[in-house]
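Enquirer: Fold the following and give me the result.
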Amino acid sequence: MGFRFLKLFAIFGLSALAACQTPSGTNPDRLHGAFFTANGSNGGTYGDFTADLNAAIPDPAAVTLVLFNHGTSAGGLDQKCRPQKALPRFFAAMAENLPEAVIYYPCSDVLGGNAGASQSRQIYQLRGEEIAALLDRFIAHGVAPGRIVLVGHSGGGSAVMVAAAEAAGKFAAFVASAPGHGYAYLGRDAGNNPLLSGQVYGWQQALEEAAGPGLVLAYQGDRFSPPGDLEFLAGREGVELVNIENARCGRLAPHGFIWSPCFAKRYGEQVLEFMARHGALELPAGATADIVAPRQYGRKPTPNPTRNSLAACYRSSARPVSKCRRACAACYRATSSCRPTRRWPFRAPAPGPRRPTA
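Expert: Sure thing, here's the model as predicted:
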């Protein structure tokens, strides 16, 4: 009896909290996102969208537009606006190397519901509807629907598949990287959880309605979007499900594989060919090799400590304090080019408690 009461109380609490999770609406002072082109990137507030659109796409008939939607925050209820940081390098390299390609990273201030909310209040559902409505603005600007490709990752992958269902005929194709329902991280089979089974079922129904052609990427070892949760998409008409077994790259977890240079090197060509086949993306000779080239994803060079202050040496190279001091001291004696502008700003850690002596 007590367990049933606690279960009912939990369901009531989640439902009551979900009732408060409503979309905040489009705030004209919030960022709409950013456009990435061969000439750089530009973005601003919602009020600046039209001007930014005209600047980024002056000739819409000759453009292939790629909308990239990243996943939700750790809480799964909202989406942070970080175009410069959250856009995978692979897609930024597309914009830099293909003059006709324009990458748009849309932001949103929509707030979704939690596990107790209805299917219509889930963040991927709301974002999918937002993206579907956004397509009308690009089409009105003159971008051909046959040259629009929707791309998303994690919760953003689910969102673009919802948009693909809501806006059939208004885009050419979609690419969904590790689309998820948001509860796999709990580490249990959410489909058998009485509180979550309805959400998982609704998520599957929403994704099954996506109109292809579509490319869905699943990563082995991904605990946020396990490949097993996507098996229901296998055999779906117009949807190609690719299970990537080796989805590790350095220290990056499988869920973030799309941000890694390994993704570009191993699967970048496949994604580009899919966009060219279905989204009219033109790939000049050598363009694919330039986009997936290792130099596109190399780390920024570490500043030479002999030409920087002692503090810069420590911050840039993470060397031990003693080595930075010796390097800068030698430089100072030779050229006086790395003299610290102020005293050493870092303090050594306080010594721990002394051991009692016998």
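Enquirer: which residues of the stretch 201-350 of the chain score low on pLDDT?
Expert: Filtered on pLDDT under 70, the stretch 201-350 of the chain yields the residue ranges 294-350.
Enquirer: Do a quick rundown of the helices in it.
Expert: Counting by DSSP state H, counting those that start in this stretch, the stretch 201-350 of the chain has these helices, from start to end: 261-279, 287-291, 310-317, 321-334.
Enquirer: following the helix or strand hosting Val102, which helix or strand comes up?
Expert: Counting by DSSP states H and E, the element that carries Val102 is strand 101-106. Using DSSP H and E, the next helix or strand after strand 101-106 towards the C-terminus is helix 123-141.
Enquirer: For that next one, give me every contacting residue.
Expert: With C-beta atoms under 8 Å, 6 or more residues apart in numbering as the test, helix 123-141 has contacts from 23, 49, 53, 57, 60, 65, 67, 69, 72, 76-79, 106, 108, 110-113, 119, 145, 148, 150, 155-156, 158-163, 165-167, 170-171, 182, 203, 206. Any C-beta I mention is one placed from the backbone N, CA and C, and that applies to glycine too.
Enquirer: Report the mean confidence score over the helix or strand that comes right after it.
Expert: Later in the chain than helix 123-141, the nearest helix or strand by DSSP H and E is strand 148-153. For strand 148-153, mean pLDDT rounds to 96.
Enquirer: got it, and stretch 60-74?
Expert: pLDDT averaged over stretch 60-74 gives 88.
Enquirer: ok, now stretch 31-40?
Expert: When pLDDT is averaged over stretch 31-40, the result is 91.
Enquirer: Could you pull out the buried residues of that stretch?
Expert: 31-37 (16 or more other C-beta atoms under 10 Å).
Enquirer: wait, isn't Val63 in contact with Arg147?
Expert: Yes - Val63 lies in contact with Arg147 (C-beta atoms under 8 Å); the separation is 6.6 Å.
Enquirer: Check the secondary structure at Asp48 for me.
Expert: Three-state call for Asp48 (DSSP: H, G, I helix; E, B strand; the rest coil): helix.
Enquirer: Please read off the pLDDT at it from the model.
Expert: Listed pLDDT for Asp48 reads 89.
Enquirer: what sits against the closest residue in space to it that isn't next to it in sequence?
Expert: The spatially closest residue to Asp48, leaving aside those adjacent along the chain, is His32, at 7.0 Å (C-beta to C-beta, 6 or more residues apart in numbering). His32 sits next to 43-46, 48-49, 52, 106-107 when contact means C-beta under 8 Å, 6+ apart.
Enquirer: still on that earlier bit, and the contacts of helix 123-141, which are buried?
Expert: For the contacts of helix 123-141, a burial check counting by 16+ other C-beta under 10 Å picks out 23, 49, 53, 57, 60, 65, 67, 69, 72, 76-79, 106, 108, 110-113, 148, 150, 155-156, 158-163, 165-167, 170-171, 182, 203, 206.
Enquirer: Helices - which of those residues land there?
Expert: 49, 53, 155-156, 158-163, 165-166, 203, 206 (DSSP state H).
Enquirer: quick one: which two of these are the most distant?
Expert: Leu53 and Trp203 (31.8 Å; C-beta to C-beta).
Enquirer: Outline the domain layout of this structure.
Expert: Listed domain ranges for the chain are 13-297, 300-345 (source: automatic domain parsing).
Enquirer: and among these, the most buried is which?
Expert: With neighbours taken as mean count of other C-beta atoms under 10 Å, those reach their highest mean count in domain 13-297, at a mean of 19.
Enquirer: What lies in contact with stretch 250-266?
Expert: Looking at what lies outside stretch 250-266 - C-beta under 8 Å, 6+ apart - the contacts are 88-90, 93, 153-154, 177-178, 217, 219-225, 244, 246-249, 291-292, 294, 296-297.
Enquirer: Much appreciated, bye for now.
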